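Novice: Sequence isn't available, so here's the structure alone:
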């Protein structure tokens with residue numbers, strides 16, 4: 001396909017029933033200069049690999065679609081990297097295989113980025129999360145510009161990998177996804193991007209995220225692994241920041257860890273960690289208010305520590 005404006009990369013793994021819904025949402029975009037790269041990470045010959053290949057057959061002859069199969073399962077980062085290596089677009093957008101785009105998403109993202117200079121390397125939009133309870137949760141994160149500290153704090157909440165939209169030149173500059181990260185690959189990548197570039201926001205709900213218990217029901221051991229991987233990757237970034245920002249980020253990391261213990265019903269360890277953390281009382285008050293506000297209004301946005 002010639003003159004590609006946007007390359008949409010869809011990594012897929014064990015979601016045969018969802019992949020065509022995601023794919024159809026890209027083919028229905030109002031922007032026509034779009035190529036779609038589906039990277040099948042199930043492994044050739046596996047049960048899900050065979051089922052996904054079968055689901056993809058009606059699409060394979062399309063000049064807009066490239067279907068790539070990994071010989072064996074790798075991970076989400078590897079699947080995204082496979083797609084990046086063959087992408088031809090000026091912009092690269094990612095879509096999780098259980099999410100969908102609203103029809104005008106890519107057109108509006110391109111319009112936003114085309115109007116900005118190259119210091120703006122990424123863009124995101126509002127999203128709707130369809131929860132298993134039947135409720136809908138709406139994103140309320142609307143910050144833009146230089147949000148590196150907030151991202152490192154893990155308080156810049158774009159909500160889903162389907163909200164990642166970059167200039168191709170930025171990816172060429174920053175590099176590929178870190179394939180050693182088994183979880184939160186999108187978070188790891190956006191921190192690296194935002195260290196150097198600004199991010200823009202389109203104030204519309206243009207992504208729909210479908211709740212999947214598989215993505216959130218981690219064991220405590222998996223949560224420890226995820227936490228240690230993130231901290232070891234980025235702790236050296238703190239040295240480049242003002243002391244106040246360093247303290248705020250470390251407090252937020254502690255809050256996240258305490259919240260994980262609470263979710264896993266590890267109350268004894270949670271109380272010990274709270275005693276050691278020395279998180280200011282005013283921060284706890286602000287955090288409790290934030291939790292209540294989110295629950296009350298069914299909104300999704302990050303909490304920012306301010307000392």
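Specialist: Thanks, I have the structure now. From a predicted model like this one, the values you see are computed outputs, not experimental measurements.
Novice: hey, where'd the strands end up in the stretch 201-307 of the chain?
Specialist: Secondary structure of the stretch 201-307 of the chain by DSSP state E, counting those that start in this stretch: the strands cover 299-300.
Novice: Give the buried residues for the lengthiest helix in the chain.
Specialist: Using DSSP state H, we find that the single longest helix of the chain is helix 243-263. Of the residues in helix 243-263, 245-246, 248-258, 260-261 count as buried by neighbour count, 16 or more other Cβ atoms under 10 Å. For the C-beta atoms, the positions are set from N, CA and C on the backbone; glycine is no exception.
Novice: For it, enumerate the helices and strands it packs against.
Specialist: helix 148-152, helix 220-234, helix 267-277, helix 281-297 (3 or more Cβ pairs under 8 Å, 6 or more residues apart in numbering; DSSP states H and E).
Novice: same thing but at 7 Å, please
Specialist: Packed against helix 243-263 by the contact rule (3 or more Cβ pairs under 7 Å, 6 or more residues apart in numbering; DSSP states H and E) you find helix 148-152, helix 220-234, helix 267-277.
Novice: show me what contacts residue 205?
Specialist: Residue 205 makes contact with 126, 127, 128, 138, according to Cβ atoms under 7 Å, 6 or more residues apart in numbering.
Novice: Confirm that residue 38 sits in a strand.
Specialist: Yes: applying DSSP: H, G, I helix; E, B strand; the rest coil, one finds residue 38 inside a strand.
Novice: partners of it in the sheet?
Specialist: On the basis of DSSP bridges, residue 38 is bridged to residue 10, residue 67.
Novice: ok, it to residue 23 distance?
Specialist: 7 Å (Cβ to Cβ, to the nearest Å).
Novice: Comparing the two, which shows the higher neighbour count?
Specialist: Counted by other Cβ atoms under 10 Å, residue 38 and residue 23 do not tie: residue 38 has more neighbours, with 28 against 25.
Novice: That one is in contact with residue 13, isn't it?
Specialist: No: the pair residue 38 / residue 13 is not scored as a contact, 11.4 Å apart, by Cβ atoms under 7 Å.
Novice: All the strands of the stretch 1-150 of the chain, in order from the start?
Specialist: 6-12, 34-40, 65-69, 91-94, 100-101, 120-130, 136-139.
Novice: okay if I get the ones you listed as a markdown table plus mean pLDDT and distance to residue 163?
Specialist: A markdown table is the format used below for those (pLDDT from 0 to 100; distance: least, Cβ to Cβ, whole Å):
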| stretch | mean pLDDT | distance to residue 163 |
| --- | --- | --- |
| strand 6-12 | 96 | 13 |
| strand 34-40 | 96 | 17 |
| strand 65-69 | 94 | 22 |
| strand 91-94 | 97 | 8 |
| strand 100-101 | 96 | 10 |
| strand 120-130 | 94 | 5 |
| strand 136-139 | 87 | 9 |
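Novice: Pick the most deeply packed of the ones you listed.
Specialist: strand 6-12 (a mean of 26; mean count of other Cβ atoms under 10 Å).
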